[in-house]
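A.B. asks: Sequence and predicted structure are below.
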Amino acid sequence: MKKQIEQLVWAALQRLAANGVIPQEAVSAPKIERTRDPKHGDFATNTAMMLAKPARKNPRELAQALLEALPASDLLERCDIAGPGFINFTLTTTAYHRLIPTILAKSHAYGRSDLGDGKRVQVEFVSANPTGPLHVGHGRGAAYGSVVADLLEAVGFNVHREYYVNDAGRQMDILATSIWLRYLELCDETLTFPANGYKGDYVWDIAATLHRDHGEAYKQSAEAVFDGIPADEPDGGDKEVHIDALINQAKRLLGDNRYRYVFELGLNTILDDIRDDLSLFGVNYDEWYSERSLTESGAVNKAIERLRASNRLYEKEGALWFRSTDFGDEKDRVVVRDNGQTTYFASDIAYHIDKLERGFDRVIDVWGADHHGYIPRVKAALQALGDDPSKLDVLLVQFAILYRGGEKVQMSTRSGRFVTLRALRKEVGADAARFFYVMRKCEQHMDFDLDLAKSESNDNPVYYVQYAHARICSVFQQAAEQRILFESDPKAVNYARLNESHEQSLLTSLAKYPEILETAALNEEPHQLTHYLRELANDFHTYYNAHKFLIDDAELRNARLHLILATRQVVRNGLNLLGVSAPGKM
RNA sequence: GUCCCAGUAGCUCAGUAGGAUAGAGCGUCUCCCUCCUAAGGAGAAAGUCGGGGGUUCGAAUCCUCUCUGGGACGCCA
């Protein structure tokens, strides 16, 4: 509907420009918006006020000229000039009534568009290190990223969903070593577990698998393992030095093959768990991209060589630095450490080059807000290599801070004290969790009150929206049970009978849906959709309380039933995009 | 110290590519089930949009200064 008005105003502007009323160069796409107050009609534009200055005319006069140039349309009931020069458009009720059969015909496709023109967009999200189960912080990125991806797809982008698997690097070595030490404990060895090791129960589980499958084939005495290892932090040492020494010891004592086996066992077990967890959360990927593959394919070295060739690298204190300050970063960054190992940043450069080489028109990274300092250096690297950094958009998701009993819940993967996404899902359900997560703008800090989320109270807006859907289903259930006749052809219904104000506001809300999808998708703001659904549900519940649908007047009954059928379709479409179920019964 | 985010009703938050009288939910206070699910609805009270300047026909929205809170600033990943 909005688009149609836009086209009308655009045509009028062209006509005025052709007649020399306004300068051609001042003409731009008119801004049409929904009015807040129904007294102002359905849509309004401030175009006349915007053009008043370049046209050297009084805004109201210009508005009048614009109205006279407006092509005729059966969409419009009337157009008025109001206030300082607004033009208000009031649509005919038939325009709204026509919406019902349109929605029912389009069904699940109602609201979708081809705005994105099939452009290829990659959305990378979650990408948590596979060193432990996902926790509730990852959950927000998962819900947000997947809804953004779905929204973009709904407005016509070709979307590729990707998880970057950090399957190389020191954290993974720490995990492998932690598993092995727990395994030794299962072999009745007595040892002091390192302060910096992974202490979660899942580490015990993986160690138990190793013990069950291989008995004591991986056993070494605790004395041998800790021989010559510098002190841990509680004993006055450095925990980082301590754990690094233990990693080296594990590699030496186990040998390459056996160490690799433990490492892979840990990686695969946890990755499987993450895959399973996300899939049960309604989050699915097109690709799981391995960090290690970048090293193995030589992509990391190639990226470093390219930087070297473009003269952006220098050596200092034994390390190799990238001069990111040339591109606005605060300080230069290391790509190869003094011990010869490439940094995580080096892999990330290679990864982002690879993303652009794969031909995406746009690349979206969903990161935790703690990574914000990381953006300039990645963009700097892309720029240094002649890529277009504006193709990369990084969306930062603020942490969800958990509260339990009014107290902040401390989280740390390493210590094993965290609330997993899996636990949250089991407690509050995937529907409520997803809805909650995307209810807030991503850059907004979020207080996630576990007690509130756990209590299945009616405070939870997801129930409110789902209830609207279930209620409509229930009406049709009743109609069937009472053998009430229902005209099955939406085109054979007399919608002119819908003249209650409740019906009008419900129709207005239904008409807004495509507009909401568009702005929610283009601004990467899923919360707009959750708010919209709440309003739509509110319109329906109000209507439900004010009027009865299963009435004797067959003509009116059919009109009303089709209206709520269309409403159900839109509620269902919206919930579906959020990855939330639309139950037929509650 | 530098950077990022936030500050709107008692609480949690929408609204910000400038638009008409700033909106919801929760909480509080009144009402509504012989009626398609009361997990609902109707109504009321509640605001110096952190503060000061500026830009203009018009500012919660843009600029500037300032106050307050949260976070980030490794040859970690």
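C.D. replies: Yep, that arrived. Numbers count the residues shown, from 1 in each chain, chains lettered A, B, ... in the order given.

A.B. asks: got a list of what the closest residue in space to A:Tyr495 that isn't next to it in sequence touches?
C.D. replies: Nearest residue to A:Tyr495 in three dimensions, chain neighbours excluded: A:His97, at 3.6 Å (Cβ to Cβ, 6 or more residues apart in numbering). (C-beta placed from N, C-alpha, C; glycine too.) Neighbouring residues of A:His97 by Cβ atoms under 8 Å, 6 or more residues apart in numbering: A:495-496, A:498, A:507.

A.B. asks: filter those residues to the buried ones?
C.D. replies: By neighbour count, with 16 or more other Cβ atoms under 10 Å, the contacts of A:His97 hold A:495, A:498, A:507 as buried.

A.B. asks: from those, which is closest to RNA strand B?
C.D. replies: A:Leu498 (14.4 Å; Cβ to the nearest atom of the strand).

A.B. asks: how many neighbours does A:Gln478 have?
C.D. replies: Per other Cβ atoms under 10 Å, the neighbour tally for A:Gln478 reads 12.

A.B. asks: re the thing from before, which of the contacts of A:His97 sit farthest apart?
C.D. replies: A:Ala496 and A:Leu507 (12.7 Å; Cβ to Cβ).

A.B. asks: Any stretches of chain A with poor pLDDT?
C.D. replies: When residues are selected by pLDDT under 70, those of chain A lie in A:404-418, A:451-459.

A.B. asks: How is it partitioned into domains?
C.D. replies: Residue ranges for each domain of chain A read A:2-91, A:170-272, A:459-578, as given by automatic domain parsing.

A.B. asks: Just put the ones you listed in CSV and tack on distance to A:Met586.
C.D. replies: Output for the domains of chain A, formatted as CSV (distance: least, Cβ to Cβ, whole Å):
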stretch, distance to A:Met586
domain A:2-91, 31
domain A:170-272, 34
domain A:459-578, 4
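
A.B. asks: For A:Pro30, grab phi and psi.
C.D. replies: When read as degrees, to the nearest 10, the backbone of A:Pro30 gives phi -70, psi 150.

A.B. asks: What of A:Thr342?
C.D. replies: Main-chain torsions, A:Thr342, degrees, to the nearest 10: phi -80, psi 150.

A.B. asks: In contact with it, which residues are there?
C.D. replies: A:295, A:300-301, A:304, A:335-336.

A.B. asks: Name the member of those residues with the most neighbours.
C.D. replies: Neighbour tally across these (other Cβ under 10 Å): the maximum, 26 neighbours, falls on A:Val335.

A.B. asks: Pop out the phi and psi values for it.
C.D. replies: Phi and psi for A:Val335, reported as degrees, to the nearest 10, are phi -110, psi -30.

A.B. asks: sorry, back to before: quick check: the residue nearest to A:Tyr495 vs RNA strand B, distance?
C.D. replies: Distance from A:His97 to RNA strand B, counting by Cβ to the nearest atom of the strand, to the nearest Å: 20 Å.

A.B. asks: Count residues in the vicinity of A:His570, would you?
C.D. replies: Careful, residue A:570 is Val; it's not His. When counting by other Cβ under 10 Å, one arrives at 24 neighbours for A:Val570.

A.B. asks: Does it touch A:Ile103 like I think?
C.D. replies: Yes: counting by Cβ atoms under 8 Å, A:Ile103 is a contact partner of A:Val570 at 6.6 Å.

A.B. asks: what sits in contact with each of those two?
C.D. replies: Common neighbours of A:Val570 and A:Ile103, using Cβ under 8 Å, 6+ apart, are A:110, A:510.

A.B. asks: picking that back up, can I get the contacts of A:Thr342 in a markdown table including distance to RNA strand B?
C.D. replies: Below are the contacts of A:Thr342 laid out as a markdown table (distance: Cβ to the nearest atom of the strand, whole Å):
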| residue | distance to RNA strand B |
| --- | --- |
| A:Thr295 | 11 |
| A:Val300 | 12 |
| A:Asn301 | 16 |
| A:Ile304 | 14 |
| A:Val335 | 9 |
| A:Val336 | 8 |
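
A.B. asks: from those, which single one is nearest A:Pro583?
C.D. replies: Closest approach to A:Pro583 among the contacts of A:Thr342 (Cβ to Cβ): A:Thr295, at 47.1 Å.

A.B. asks: before we move on, which element is that closest one in?
C.D. replies: Following DSSP states H and E, one finds A:Thr295 within helix A:291-296.

A.B. asks: Who are the packing partners of that helix?
C.D. replies: Applying 3 or more Cβ pairs under 8 Å, 6 or more residues apart in numbering; DSSP states H and E, one finds that helix A:291-296 contacts helix A:344-357.

A.B. asks: A:Arg440 against A:Gln528, yeah?
C.D. replies: No: at 11.4 Å, A:Arg440 does not count as touching A:Gln528 under the criterion of Cβ under 8 Å.

A.B. asks: burial count for the residue of the stretch 251-400 of chain A found nearest RNA strand B?
C.D. replies: Distance from RNA strand B to each residue of the stretch 251-400 of chain A (Cβ to the nearest atom of the strand) is smallest for A:Glu317, at 2.9 Å. As a burial measure, A:Glu317 scores 7 neighbours (other Cβ under 10 Å).
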